[in-house]
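**Student:** below is the sequence, then the predicted model.
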Amino acid sequence: MLQRIQTLFFTVALIFALLPLFGITLFSLNLMKEEITVDAFKVNGLQDAQGHYFWIVLSAAVLLLILTIFSFKNRKTQIKLAWASLVLLFVLTGWMLVAVFFNPIFAAAEKSLGLGSIALIVSIPCIYLGIRGVKKDQALIDSLNRLR
(Lines give C-alpha, C1' and ligand atoms only; values in the text may rest on other atoms or scores of the structure.)
Protein backbone atom coordinates (compact mmCIF):
# COMPACT_ATOMS: atom_id res chain seq x y z
CA MET A 1 0.00 0.00 0.00
CA LEU A 2 1.55 3.27 -1.11
CA GLN A 3 0.10 5.41 1.64
CA ARG A 4 2.27 3.72 4.27
CA ILE A 5 5.49 5.54 5.05
CA GLN A 6 7.52 2.32 5.13
CA THR A 7 6.55 1.60 1.53
CA LEU A 8 7.98 4.98 0.58
CA PHE A 9 11.18 4.23 2.49
CA PHE A 10 11.49 0.85 0.79
CA THR A 11 10.84 2.45 -2.61
CA VAL A 12 13.52 5.10 -2.05
CA ALA A 13 15.94 2.36 -0.94
CA LEU A 14 15.05 0.39 -4.08
CA ILE A 15 15.74 3.37 -6.32
CA PHE A 16 19.10 4.01 -4.68
CA ALA A 17 20.01 0.31 -4.81
CA LEU A 18 19.13 0.17 -8.52
CA LEU A 19 21.46 3.05 -9.47
CA PRO A 20 24.66 0.95 -9.57
CA LEU A 21 22.97 -1.58 -11.84
CA PHE A 22 22.58 1.14 -14.47
CA GLY A 23 26.34 1.57 -14.85
CA ILE A 24 27.00 4.27 -12.27
CA THR A 25 30.55 4.11 -10.93
CA LEU A 26 31.00 2.44 -7.55
CA PHE A 27 34.53 3.72 -6.97
CA SER A 28 37.50 4.97 -8.92
CA LEU A 29 41.24 4.69 -8.45
CA ASN A 30 44.16 6.70 -9.80
CA LEU A 31 47.10 4.33 -10.02
CA MET A 32 50.27 5.79 -11.58
CA LYS A 33 48.33 8.29 -13.71
CA GLU A 34 45.98 5.55 -14.85
CA GLU A 35 42.25 5.97 -14.16
CA ILE A 36 40.53 2.78 -13.03
CA THR A 37 36.77 2.84 -12.53
CA VAL A 38 34.69 0.03 -11.11
CA ASP A 39 30.98 -0.36 -11.69
CA ALA A 40 28.68 -3.20 -10.68
CA PHE A 41 29.64 -5.34 -13.67
CA LYS A 42 33.28 -4.72 -14.62
CA VAL A 43 36.56 -2.96 -13.96
CA ASN A 44 37.45 -0.33 -16.56
CA GLY A 45 41.04 0.65 -17.16
CA LEU A 46 42.91 -2.43 -15.97
CA GLN A 47 44.36 -4.83 -18.50
CA ASP A 48 44.31 -8.07 -16.51
CA ALA A 49 41.33 -7.30 -14.31
CA GLN A 50 39.56 -10.20 -12.76
CA GLY A 51 35.81 -10.15 -12.87
CA HIS A 52 33.98 -9.35 -9.69
CA TYR A 53 30.47 -10.33 -8.82
CA PHE A 54 29.07 -7.23 -7.11
CA TRP A 55 26.09 -7.34 -9.45
CA ILE A 56 24.92 -10.75 -8.18
CA VAL A 57 24.68 -9.62 -4.55
CA LEU A 58 23.19 -6.29 -5.61
CA SER A 59 20.59 -8.00 -7.81
CA ALA A 60 19.62 -10.28 -4.92
CA ALA A 61 19.22 -7.27 -2.62
CA VAL A 62 17.10 -5.46 -5.22
CA LEU A 63 14.93 -8.54 -5.71
CA LEU A 64 14.43 -8.82 -1.95
CA LEU A 65 13.48 -5.14 -1.79
CA ILE A 66 10.89 -5.62 -4.52
CA LEU A 67 9.47 -8.60 -2.65
CA THR A 68 9.48 -6.53 0.54
CA ILE A 69 7.41 -3.80 -1.05
CA PHE A 70 4.83 -6.23 -2.40
CA SER A 71 4.51 -8.32 0.75
CA PHE A 72 2.68 -5.60 2.68
CA LYS A 73 -0.12 -7.94 3.73
CA ASN A 74 2.20 -10.16 5.74
CA ARG A 75 4.18 -7.87 8.04
CA LYS A 76 6.38 -10.59 9.56
CA THR A 77 7.51 -11.72 6.13
CA GLN A 78 8.04 -8.11 5.14
CA ILE A 79 10.33 -7.55 8.12
CA LYS A 80 12.32 -10.72 7.35
CA LEU A 81 12.75 -9.78 3.70
CA ALA A 82 13.78 -6.25 4.62
CA TRP A 83 16.37 -7.53 7.11
CA ALA A 84 17.73 -9.91 4.48
CA SER A 85 18.12 -7.07 1.94
CA LEU A 86 19.71 -4.89 4.62
CA VAL A 87 22.25 -7.60 5.43
CA LEU A 88 23.00 -8.13 1.74
CA LEU A 89 23.62 -4.41 1.24
CA PHE A 90 25.89 -4.35 4.32
CA VAL A 91 27.83 -7.32 2.95
CA LEU A 92 28.10 -5.70 -0.47
CA THR A 93 29.24 -2.38 0.94
CA GLY A 94 31.80 -4.09 3.16
CA TRP A 95 32.98 -6.23 0.27
CA MET A 96 33.49 -3.15 -1.90
CA LEU A 97 35.36 -1.26 0.81
CA VAL A 98 37.64 -4.23 1.47
CA ALA A 99 38.22 -4.68 -2.26
CA VAL A 100 39.27 -1.05 -2.60
CA PHE A 101 40.96 -0.03 0.61
CA PHE A 102 42.63 -3.28 1.70
CA ASN A 103 43.79 -4.62 -1.65
CA PRO A 104 47.61 -4.59 -1.78
CA ILE A 105 47.53 -3.88 -5.52
CA PHE A 106 45.78 -0.57 -4.89
CA ALA A 107 47.81 0.44 -1.81
CA ALA A 108 49.52 3.35 -3.56
CA ALA A 109 46.45 4.39 -5.52
CA GLU A 110 44.37 7.46 -4.85
CA LYS A 111 40.91 6.15 -4.02
CA SER A 112 37.51 7.82 -4.28
CA LEU A 113 34.00 6.52 -3.80
CA GLY A 114 31.64 6.94 -6.69
CA LEU A 115 27.98 7.85 -6.78
CA GLY A 116 27.02 4.17 -6.82
CA SER A 117 28.69 3.48 -3.47
CA ILE A 118 27.12 6.55 -1.93
CA ALA A 119 23.71 5.45 -3.24
CA LEU A 120 24.16 2.03 -1.62
CA ILE A 121 25.17 3.65 1.66
CA VAL A 122 22.08 5.91 1.52
CA SER A 123 19.77 2.96 0.87
CA ILE A 124 20.79 1.23 4.12
CA PRO A 125 19.16 3.77 6.49
CA CYS A 126 16.08 3.89 4.25
CA ILE A 127 15.61 0.15 4.68
CA TYR A 128 16.09 0.46 8.44
CA LEU A 129 13.48 3.24 8.63
CA GLY A 130 11.11 1.07 6.60
CA ILE A 131 11.61 -1.80 9.05
CA ARG A 132 10.82 0.54 11.94
CA GLY A 133 7.62 1.61 10.18
CA VAL A 134 6.52 -1.98 9.69
CA LYS A 135 7.23 -2.72 13.35
CA LYS A 136 5.13 0.30 14.38
CA ASP A 137 2.25 -0.98 12.29
CA GLN A 138 2.63 -4.42 13.84
CA ALA A 139 2.62 -2.93 17.35
CA LEU A 140 -0.50 -0.88 16.55
CA ILE A 141 -2.34 -3.93 15.24
CA ASP A 142 -1.26 -6.00 18.25
CA SER A 143 -2.56 -3.32 20.63
CA LEU A 144 -5.86 -3.20 18.77
CA ASN A 145 -6.15 -6.96 19.01
CA ARG A 146 -5.70 -6.75 22.77
CA LEU A 147 -8.62 -4.32 22.98
CA ARG A 148 -10.99 -6.75 21.30
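**Tutor:** Ah, there it is. In this text the structure is predicted, and so the values were computed from the model without any measurement.

**Student:** secondary structure element for the residue nearest to Thr11 when sequence neighbours are not counted?
**Tutor:** In space, Thr11 comes closest to Ile69 once its chain neighbours are excluded; the distance is 6.4 Å by C-beta to C-beta, 6 or more residues apart in numbering. The C-beta positions use only the backbone N, C-alpha and C, and glycine is treated the same way. Using DSSP states H and E, Ile69 sits in helix 54-70.

**Student:** next SSE downstream of that helix?
**Tutor:** Taking DSSP H and E, what comes next after helix 54-70 is helix 75-101.

**Student:** next SSE downstream of that next one?
**Tutor:** By DSSP H and E, the next helix or strand past helix 75-101 is strand 110-113.

**Student:** roughly how far apart are Phe106 and Ser112?
**Tutor:** Per C-beta to C-beta, to the nearest Å, Phe106 is found 12 Å from Ser112.

**Student:** the two: who's more crowded?
**Tutor:** Phe106 (17 against 13; other C-beta atoms under 10 Å).

**Student:** ok, the more buried one - contacts?
**Tutor:** Applying C-beta atoms under 8 Å, 6 or more residues apart in numbering to Phe106 gives the contacts Leu29, Leu31, Val100.

**Student:** next, count neighbours for the last one.
**Tutor:** Spelled out, that is Val100. By other C-beta under 10 Å, the residues close to Val100 number 19.

**Student:** over to the first one?
**Tutor:** Here the number of neighbours of Leu29 (other C-beta under 10 Å) works out to 21.

**Student:** that one: which element?
**Tutor:** Here Leu29 is assigned to strand 27-31, by DSSP H and E.

**Student:** over to Ile36?
**Tutor:** strand 34-38.

**Student:** overlap in contacts, Phe106 and Ser112.
**Tutor:** Going by C-beta under 8 Å, 6+ apart, residues that sit against Phe106 and also against Ser112 are Leu29.

**Student:** run through this protein and note the low-pLDDT ranges.
**Tutor:** Within the chain, the stretches with pLDDT under 70 are 1-3, 45-51, 148.

**Student:** mind doing that once more with 90?
**Tutor:** 1-6, 20-58, 72-75, 92-117, 137-148 (pLDDT under 90).

**Student:** helices and strands around the one helix or strand Arg132 maps to, which ones?
**Tutor:** Using DSSP H and E, Arg132 maps to helix 115-147. The criterion is 3 or more C-beta pairs under 8 Å, 6 or more residues apart in numbering; DSSP states H and E, and the helices and strands that helix 115-147 contacts are helix 5-18, helix 54-70, helix 75-101.
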